[in-house]
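S.K.: structure for the following, please:
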Amino acid sequence: MMALTRPYFLENKDWYIKIDTFPNKNEYGNYVDYQLTDNAPQKAIDSYNEFMPLWRSDKDY
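M.R.: Purely as a prediction, here's the structure:
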């Protein structure tokens, strides 16, 4: 099993919105999801695009 590390886009709260669906799981089976804001720099966008497919997958990491 691979451990996911904290992605770069989460380093600045101005770059993302945390969507909390607790106590219900969202469509990806998680209780939390993230959406980028217009303030996110390209490095944060790249980080988001790399991390979110893993976060939303049904595989164990």
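
S.K.: can you pull out the helices in the chain?
M.R.: For the chain, the helices defined by DSSP state H cover 42-56.

S.K.: and the strands in the protein, which stretches?
M.R.: Taking DSSP state E to define them, one finds strands in the chain at 16-20, 32-36.

S.K.: would you put the C-alpha positions of the last one in PDB?
M.R.: Listed next in PDB are the C-alpha coordinates belonging to strand 32-36 (Å, rounded to 0.1, in the frame of the first residue of the first chain):
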ATOM      1  CA  VAL A  32     -14.000  15.300   2.000                       C
ATOM      2  CA  ASP A  33     -13.300  16.700  -1.500                       C
ATOM      3  CA  TYR A  34     -11.400  19.700  -2.700                       C
ATOM      4  CA  GLN A  35     -12.000  22.300  -5.400                       C
ATOM      5  CA  LEU A  36      -9.300  24.800  -6.600                       C
END
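
S.K.: flag every buried residue along it.
M.R.: D33, Y34, L36 (16 or more other Cβ atoms under 10 Å). Quick note: C-beta positions are derived from backbone N, CA and C, even for glycine.

S.K.: nearest spatial neighbour of the second one, skipping sequence neighbours?
M.R.: Nearest in space to Y34, with sequence neighbours left out and distances taken as Cβ to Cβ, 6 or more residues apart in numbering, is Y16 at 5.0 Å.

S.K.: show the pLDDT at the one you found.
M.R.: As predicted, Y16 sits at a pLDDT of 97.

S.K.: for M1, same thing?
M.R.: Looking at M1, its pLDDT is 47.

S.K.: where does the protein have low pLDDT?
M.R.: 1-3, 58-61 (pLDDT under 70).

S.K.: next, format the buried residues of strand 32-36 as CSV and append distance to T5.
M.R.: Listed next are the buried residues of strand 32-36 as CSV, based on distance: Cβ to Cβ, whole Å:
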residue, distance to T5
D33, 18
Y34, 15
L36, 18
